[in-house]
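Colleague: Next come a sequence and a model predicted from it.
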Number of protein chains: 2
Amino acid sequence: MDFSALPTTAFIRPDGKNRDAIATLLHQVVDLLVETMAQATERSPLPEPLLTEDYGWAKLAKASVDVQQLLIEVQTHLHHSMNAAHPGYISHMDSIPSTMSVIADLLVAALNNNMLSVEMSPVFSRLEILVLKQVAQLFGLGPQANGVLVSGGSLANLQALIVARNAAFNALDHGITQVKQPVFFVSEVAHTSFKKAAMVMGLGTKAAIPVATHQNSQIDITDLKTKLIQAKANGQQPFAIVATAGTTVTGSIDPIAEMAHIANLHQLWFHVDAAYGGALMFSDRHQSQLAGIEQANSVTFNPQKWLYVAKTCAIVMFRQFDQLQEYFRVLAPYMNDHNDWPNLGELTVQGTRHPDILKLWLSLQHIGRNGYSAIIDHNYALTQTFTSAVKERPFLTLASEPQMNLICFRSEPNTVPIEKQDQWNHSLQQWLLKQGNTCLSLPVYRGQRWLKAVLLNPFTTNEHIDKLFADIDSYHTTQAEL
Amino acid sequence: MDFSALPTTAFIRPDGKNRDAIATLLHQVVDLLVETMAQATERSPLPEPLLTEDYGWAKLAKASVDVQQLLIEVQTHLHHSMNAAHPGYISHMDSIPSTMSVIADLLVAALNNNMLSVEMSPVFSRLEILVLKQVAQLFGLGPQANGVLVSGGSLANLQALIVARNAAFNALDHGITQVKQPVFFVSEVAHTSFKKAAMVMGLGTKAAIPVATHQNSQIDITDLKTKLIQAKANGQQPFAIVATAGTTVTGSIDPIAEMAHIANLHQLWFHVDAAYGGALMFSDRHQSQLAGIEQANSVTFNPQKWLYVAKTCAIVMFRQFDQLQEYFRVLAPYMNDHNDWPNLGELTVQGTRHPDILKLWLSLQHIGRNGYSAIIDHNYALTQTFTSAVKERPFLTLASEPQMNLICFRSEPNTVPIEKQDQWNHSLQQWLLKQGNTCLSLPVYRGQRWLKAVLLNPFTTNEHIDKLFADIDSYHTTQAEL
């Protein structure tokens, strides 16, 4: 190899010959990172987009670009990215990552192991099996339970439903083209990944039958029962019921135990999408809100949300883990067997996969269950403060009573005509961003625009909440006068 | 928040209050990383697994574990992981990552942006669209082409086939339960992800109809034509043909242009799985081997392989990118629109997704097309040396003539009975690992065990190849005498 054709630091040479240059470069990058992230409060939570007239910044070069030039460009990227570490960034289920996530992803990138097989990730494949076994126990899923990591919650929900479908219709080899209308039931306000999963799986989006929610954004059990009877009467074949523990817009928890009972009665697969709410299992005080989850056939839980593990880190757990062997496994004959350790690429939708287990394990060990418990308690206390402040203001309306640390509300003053209220709330969101560096999201819910706060960031304080409501008040005073 | 409940370095405080502690910790981790990776040659390419009697090393703690203790444990992880940076690690399509991958994944973890939507990754969502547009042009896919990144090649192939299926059968909303036996055609030695995709998509694994390959491991066009006629005669509905550019075991390239012609004739979707071989487009000298790829409806290309971008980094490109809008998109009403920039989570199987674009863009800029071209030339030169050495030895057999930098061969000496040759080759693989720190893989191919070399690592030299064949010779001398 003619290494003069490559920049000196193109690779970390395994023979150590560019060790000093690599060390200097990586330490420089750490300084850049620390400088950027330790001053997150000094930038907007949602900076202006990086726009140049011709997007020349994204042009690909033929010759090597100098590394110092690249770092300057990257610094600009950092400053224009979503600033999730900012305590005023409370828009989505995305937040500041644990330090251990950062450390783990650095190391994992350099190692470049592959979760496809035990041979290609001898430590991490085993670690994943061993750690997720313990997580499955924490969820009370029983002695045969375990899980796998997948790159995001949509894949977790997809994988659970594939196993449910294949088990119900023996569809692994023969598919569902001979099967009459398989359907499953899921809250009308559940995550969009269920419709997507239905589409991906060849059921079509209409196979995800939406169940009505009552005023508190939880599944209406009566409607679930009705829809089940209707489906059967229509000649459809129900195969699964999905409960959500932490809906996307309001953080609501469906009546899990009641739904488990109905699933059991009708011999349907019971999946719980606890992508967000699963973190409550790490809080002695709040885990009872998920009672019934231990009866699930499968559970989605994303440490990438409330456990502050950097994206992506999503778990799908199965009460009977060996069902993956029976109802999912597609063999890869070019991989070697490793006794009792499964090649995880044969058991998941992905083949090659990034080792997300190191950042999960390190975060759990470093912050500890006690640490997570303390953060969750803090989030709940803030939520109470926030919710009280909404309720104190007659011009604000809650979408539903918060069950977690999401608050969805909107401004509906008498002085603003109903048809202008969506725009009014949109302007309010912009006002809060500009006046107070608070970034709320603006979801469409029940046909209207709402403001949503997700109180995840451990550095968000009561003072931030007070400032936010002072800004809300000043908007209503000054804008009403205009 | 009572921060006394958390370790000091649990998060990088956005207010800078633990800046020094974080800086010290991250610099320490960089030292650990450099020490480990710059001495990769001093460890085995495939270290012994990390085993303790009770797997206590994976136990989850309730209280925070000291960070220094964690780093000691992680160091052990590093030393027992697959050592892909070692020049003797030539077993799989996994290799040493570019330095820029390591830098990018470090920064991306700290930022914790989300490719789900433009709002959650304002720089990276735009960068992905702009960079992949240029990659699609490099592949000659035309002015309407673009791509998306997905977390691994299996998802890329899956997504391409979903769009093909939905386009053929209008299946997005209504699924395929009313459709009579949709099938597609793919090499019998294609990647396992096609069978998996067929299963996931509700077609069943049997819908991936295997096309025979000739002695050179490429699709036999006559068999493809026969299978097409047979399928239609059987009442099956063909909707796609898949060509592979770089098969998993032998790195073979199907006759792309001929297959494109047949697909066109029968009005079938034409997908090219160039997960591995797509890198040839970055070599002026070798890109002609992929002639015909510019006619594809969709192409999978994984920079995580031959472009040395750390896993995962996989692209799926579409000749008509707007087909994703029509045949894939599932709306997420809780996300905001951003004018002309699509929310990528609506267009891909995943929702939340890790920003893999930064490591791709930085690697392309740093190594440059010229740099990649030089590496690919080096890989080809080594392959020639390797292949000649196999051919010089009458007791070695090539599975097929290498078209890329994969060599699949086995030892078949007269002195070893045929029924013992699988074991003989297995022992040879172990011998090479122990004698010479060369790690070959041992795939099953055509019903037998073979030895496979993937000459990816830029630090693998002619001397390594010479040593490997000296070890092969000494195995045959000493073991034959036993």
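Modeller: Noted; the coordinates are in hand.

Colleague: List the buried residues for the lengthiest helix in chain A?
Modeller: Using DSSP state H to assign secondary structure, the helix with the most residues in chain A is helix A:357-392. Neighbour-count burial for helix A:357-392, counted by 16 or more other CB atoms under 10 Å in any protein chain shown, picks out A:357-380, A:382-383, A:385-387, A:389-390. The C-beta positions use only the backbone N, C-alpha and C, and glycine is treated the same way.

Colleague: Please enumerate the strands of the stretch 1-150 of chain A.
Modeller: Assignment of strands within the stretch 1-150 of chain A using DSSP state E, counting those that start in this stretch yields the ranges A:146-150.

Colleague: out of the buried residues of helix A:357-392, which touch chain B?
Modeller: Judged by CB under 8 Å from any CB of the partner chain, the overlap between the buried residues of helix A:357-392 and the neighbourhood of chain B comprises A:358-359, A:361-362, A:364-371, A:374-375, A:378.

Colleague: quick check, residue A:300 in a strand?
Modeller: Yes: under DSSP: H, G, I helix; E, B strand; the rest coil, residue A:300 falls within a strand.

Colleague: How about the backbone phi and psi for residue A:444?
Modeller: In terms of degrees, to the nearest 10, the main-chain angles of residue A:444 are phi -90, psi 130.

Colleague: And for the one 5 residues further on?
Modeller: Geometry field for residue A:449 lists phi and psi as phi -80, psi 130, criterion degrees, to the nearest 10.

Colleague: That one: what's its closest spatial neighbour, skipping adjacent residues?
Modeller: residue A:422 (4.2 Å; CB to CB, 6 or more residues apart in numbering or on different chains).

Colleague: Show the pLDDT at residue A:55.
Modeller: On the pLDDT scale, residue A:55 is placed at 72.

Colleague: Mind picking the two most distant members of the ones next to chain B among the buried residues of helix A:357-392?
Modeller: Greatest spacing in those, by CB to CB: A:358 and A:378 (26.5 Å).

Colleague: hang on, residue A:286 packs against residue A:278?
Modeller: No: at 11.4 Å, residue A:286 does not count as touching residue A:278 under the criterion of CB atoms under 8 Å.

Colleague: Neighbour count: those two, which is higher?
Modeller: Neighbour comparison, residue A:286 and residue A:278: the larger count goes to residue A:278, with 28 against 19 (by other CB atoms under 10 Å in any protein chain shown).

Colleague: Spatially nearest residue to that one, not counting backbone neighbours?
Modeller: The spatially closest residue to residue A:278, leaving aside those adjacent along the chain, is residue A:301, at 3.2 Å (CB to CB, 6+ apart).

Colleague: now the longest helix of chain A and strand A:146-150, what's the angle there?
Modeller: Taking axes from the mean of the first three to the mean of the last three CA atoms, to 10 degrees, one finds that helix A:357-392 is oriented at 80 degrees with respect to strand A:146-150.

Colleague: So which elements touch helix A:357-392?
Modeller: Identification of packing neighbours for helix A:357-392 by 3 or more CB pairs under 8 Å, 6 or more residues apart in numbering or on different chains; DSSP states H and E yields helix A:99-111, helix A:122-138, strand A:396-398, strand A:406-411, helix A:462-481, helix B:67-80.

Colleague: hang on, the residue nearest to residue A:278 packs against residue A:139?
Modeller: Yes: counting by CB under 8 Å, residue A:301 sits close enough to residue A:139 to count as a contact (7.4 Å).

Colleague: Give the residues shared as contacts by the two.
Modeller: Overlap of the contact sets of residue A:301 and residue A:139 (by CB atoms under 8 Å, 6 or more residues apart in numbering or on different chains) consists of A:278, A:281, A:317.

Colleague: Can you report how many residues lie near the residue nearest to residue A:202 when sequence neighbours are not counted?
Modeller: Once its chain neighbours are removed from consideration, residue A:202 has its nearest residue in residue B:202; the separation is 2.7 Å (CB to CB, 6+ apart). The number of residues packed around residue B:202, counting by other CB under 10 Å, is 30.

Colleague: In this structure residue B:202 contacts residue A:201, no?
Modeller: Yes: look at residue B:202 against residue A:201 with CB under 8 Å: they come within range, at 5.1 Å.

Colleague: Can you tell me which residues in the stretch 151-300 of chain A are near chain B?
Modeller: Residues of the stretch 151-300 of chain A found near chain B, taking CB under 8 Å from any CB as the criterion, are A:151-155, A:158, A:162, A:165-166, A:171-177, A:179-182, A:191-193, A:195-196, A:198-207, A:248-249.

Colleague: filter those residues to the buried ones?
Modeller: Applying 16+ other CB under 10 Å to those, the neighbour count classes A:151-155, A:158, A:162, A:165-166, A:171-172, A:174-177, A:179, A:181-182, A:191-193, A:195-196, A:198-207, A:248-249 as buried.

Colleague: Domains in chain A, by residue range?
Modeller: What the record gives for chain A is the domain set A:1-83, A:107-364, A:369-481, from the TED database.

Colleague: Deepest in the core, which of the ones you listed is it.
Modeller: Neighbour counts averaged per stretch over the domains of chain A are highest for domain A:107-364, at a mean of 23; criterion: mean count of other CB atoms under 10 Å in any protein chain shown.

Colleague: Show the end-to-end separation of that one, please.
Modeller: Across domain A:107-364, the straight-line distance between its terminal residues is 17 Å, by CA to CA, to the nearest Å.

Colleague: what do residue A:286 and residue A:278 both touch?
Modeller: With the criterion set as CB under 8 Å, 6+ apart, the contacts of residue A:286 and residue A:278 do not overlap.

Colleague: show me where pLDDT drops low in chain A?
Modeller: Along chain A, the model assigns pLDDT under 70 to residues A:51-54, A:333-339, A:480-482.

Colleague: Just the CA atoms of stretch A:168-175, as CSV, please.
Modeller: Backbone C-alpha positions of stretch A:168-175 (Å, rounded to 0.1, in the frame of the first residue of the first chain) are rendered in CSV as follows:
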residue,chain,number,x,y,z
ALA,A,168,-50.6,-16.9,14.7
PHE,A,169,-50.5,-17.8,11.0
ASN,A,170,-47.4,-20.0,10.6
ALA,A,171,-46.3,-17.3,8.1
LEU,A,172,-42.5,-17.6,8.3
ASP,A,173,-42.0,-19.7,5.2
HIS,A,174,-45.4,-19.3,3.5
GLY,A,175,-46.3,-15.7,4.1
